[in-house]
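Novice: Take a look and give me a structure for this.
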Amino acid sequence: MANLIVVSGPQAVGKMTVAESLKEKLGYSLMINHDSIEVSIKIFENGSPAQKRLNSLFREDVFKTALMYDIDMIFTFVTAFDSQEDLDYLNNLRTMFEQTGGNFYFVELMSDVETRLKRNVTPHRLASKKSKNNVEWSNHELVETMKKYRMNSNDGEYICENHIKIDNTDLLPEEVVDIIMTSFNLNPEVKVQQAQL
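Specialist: A predicted model of the protein is given here:
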């Protein structure tokens, strides 16, 4: 029985730093969306069918392995809420984990554009996501993506029962984690006890 926490939000909203802090508190395993992206574009041309397939297979195998060994996971993901493909993907993940007795939690982060553009060029982000090192291109993509897709949900729009929205514009990652753990009643001590049984 494994749980999955998806930390979602637009580019540079702070998904990775929140997820890393959450991992530290809970002891869950973590896959950021760029783990599979960076591996696949190192081998195949970015955006090519081969790269997209490898990226998809990488993630799929991680989730299957987590379920096989009852490993709780955190996964960061950029959701286009007006894309049925993205919503179906998340629903399939929810089904995968819930049908084995685990829980699916969805954390949606939101920040204003100015804050995200500042976070887009932090040293930690650039070191972790080499494909974002072309800052001019990355900033342009951040702004243009907002024009094409709806990167945050509307008021009253929830994709599952365990869906919370957090404006983290002025919050530290640790503060966001406290909100997540309180909202979902997540207790690292319970996980430790389960591991010892």
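Novice: Figure out the helix or strand that Asn92 lives in.
Specialist: Using DSSP states H and E, Asn92 sits in helix 84-98.
Novice: what's that helix packed up against?
Specialist: strand 4-8, helix 49-68, strand 104-110 (3 or more Cβ pairs under 8 Å, 6 or more residues apart in numbering; DSSP states H and E). Any C-beta I mention is one placed from the backbone N, CA and C, and that applies to glycine too.
Novice: His163 is nearest to which of the ones you listed?
Specialist: strand 104-110 (4.4 Å; Cβ to Cβ).
Novice: which SS class is the residue nearest the centre of the chain?
Specialist: Geometric centre of the chain, nearest residue: Thr76, 1.2 Å, by Cα atoms, centre = their mean. Following DSSP: H, G, I helix; E, B strand; the rest coil, the label given to Thr76 is strand.
Novice: Val135: neighbour count?
Specialist: Counted by other Cβ atoms under 10 Å, the residues lying close to Val135 total 12.
Novice: pretty sure it is in contact with Thr122, am I right?
Specialist: No - under the criterion of Cβ atoms under 8 Å, Val135 makes no contact with Thr122, lying 10.9 Å away.
Novice: Show the pLDDT at the closest residue to Ser83 other than its chain neighbours.
Specialist: Closest residue to Ser83 apart from its sequence neighbours, by Cβ to Cβ, 6 or more residues apart in numbering: Tyr149 at 6.6 Å. Tyr149 carries a pLDDT score of 94 in this model.
Novice: Ok, Val192 next?
Specialist: Reading off the confidence values, Val192 has pLDDT 42.
Novice: Repeat that for Ala127.
Specialist: 69.
Novice: Next: Lys132.
Specialist: Lys132 is given a pLDDT of 63.
Novice: Lys165: neighbouring residues, count only.
Specialist: 16.
Novice: and it, helix, strand or coil?
Specialist: strand.
Novice: Contacts only, for the residue nearest to it when sequence neighbours are not counted.
Specialist: Excluding the flanking residues, the one nearest Lys165 by Cβ to Cβ, 6+ apart is Glu108, at 4.6 Å. With contact set as Cβ atoms under 8 Å, 6 or more residues apart in numbering, Glu108 has these partners: Ser8, Gly9, Thr79, Asn152, Ser153, His163, Ile164, Lys165, Ile166.
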